[in-house]
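Chemist: Dropping a prediction and its sequence here:
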Amino acid sequence: MHQSSEVITRAADFHWLAFLLTDSHDLSVEIAVETVEAVDDSNPYFSTWMSSWARRLVIAKALAKVRDDVAASARRTESMRPGKMPAIPQDWKLDPHATKAQIQEALLAIDLFPRAALLLSMFEGMSVHDAAVLLDAQPDLVKKGRAIALRELTSNLAGSARPARRRNDIICRMIGSNSEHSTYRLPHFVPLKP
């Protein structure tokens, strides 16, 4: 019973990560199921490594499914004028009272490439260079996308502008939750390193 609840929790976590990258419920379910089936964490010695590897697998699969959309979004991001982009504060963090639904809505209102750059580099704690490899982009473009996304995310969560959903109005919920306002802690979020 304990192990099956861990599998369900892990599948929900993989689904949400894939959903934030693809904005597609169907693709996210497919990716989560494939990844859960591929992960064998029966050996406790490798469980931490397997968990990290599984998240990278979800990210790689999700980005592969939307590769053309990522490329188009990267071109849009590259053509944007930098304008006045404030530096990202070293101690930036999410409001602990923000619900999963609020975070999801705010993130999905951001164009794909900047959103992916933010998710990979800040929420998943990847280096800019690792994120650039996965996004098939230059590190400077990943930094630009991350800055744009962070500004939009902050604005969206502050409520200064109601985020507009892009394609899909389905709200992803944690398995077993009856509320779209159930909170979700981002366990892999780490502040930027100087």
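Modeler: Here it is on my side, so go on. Please read all numbers here as calculations on a predicted model, not as lab measurements.
Chemist: show me where this protein has helices.
Modeler: With DSSP state H as the criterion, the chain has helices at 2-22, 25-38, 47-65, 67-79, 100-108, 112-118, 128-135, 139-158.
Chemist: orientation of the fifth one relative to helix 139-158 in degrees?
Modeler: Here helix 100-108 points in a direction 140 degrees away from that of helix 139-158 (axes from the mean of the first three to the mean of the last three CA atoms, to 10 degrees).
Chemist: same thing with the third one?
Modeler: Helix 47-65 and helix 139-158 are oriented at 100 degrees to each other (the same axes, to 10 degrees).
Chemist: So that it lines up with my notes, have the first residue be 30 from now on.
Modeler: All right, first residue 30 from here; so that's helix 76-94.
Chemist: Let me know the average pLDDT across helix 76-94.
Modeler: Averaged across helix 76-94, the pLDDT comes to 85.
Chemist: And the fifth one, by the same measure?
Modeler: Helix 129-137 carries an average pLDDT of 92.
Chemist: Show me what that helix packs onto, helices and strands only.
Modeler: helix 31-51, helix 141-147, helix 168-187 (3 or more CB pairs under 8 Å, 6 or more residues apart in numbering; DSSP states H and E). C-betas here are computed from N, CA, C, even on glycine.
Chemist: Alpha carbons of the first one, in PDB - could you do that?
Modeler: Written as PDB, here are the backbone C-alpha positions of helix 31-51 (Å, rounded to 0.1, in the frame of the first residue of the first chain):
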ATOM      1  CA  HIS A  31       2.800   2.400   0.900                       C
ATOM      2  CA  GLN A  32       4.700   1.700  -2.300                       C
ATOM      3  CA  SER A  33       1.600   2.200  -4.500                       C
ATOM      4  CA  SER A  34       0.900   5.600  -2.900                       C
ATOM      5  CA  GLU A  35       4.500   6.600  -3.600                       C
ATOM      6  CA  VAL A  36       4.100   5.500  -7.300                       C
ATOM      7  CA  ILE A  37       0.900   7.600  -7.500                       C
ATOM      8  CA  THR A  38       2.500  10.600  -6.000                       C
ATOM      9  CA  ARG A  39       5.500  10.200  -8.300                       C
ATOM     10  CA  ALA A  40       3.300   9.800 -11.300                       C
ATOM     11  CA  ALA A  41       1.300  13.000 -10.400                       C
ATOM     12  CA  ASP A  42       4.600  14.900 -10.000                       C
ATOM     13  CA  PHE A  43       5.900  13.700 -13.400                       C
ATOM     14  CA  HIS A  44       2.500  14.500 -15.000                       C
ATOM     15  CA  TRP A  45       2.500  18.100 -13.600                       C
ATOM     16  CA  LEU A  46       6.100  18.700 -14.700                       C
ATOM     17  CA  ALA A  47       5.300  17.400 -18.200                       C
ATOM     18  CA  PHE A  48       2.100  19.400 -18.300                       C
ATOM     19  CA  LEU A  49       3.900  22.600 -17.400                       C
ATOM     20  CA  LEU A  50       6.300  21.900 -20.300                       C
ATOM     21  CA  THR A  51       3.800  20.700 -22.900                       C
END
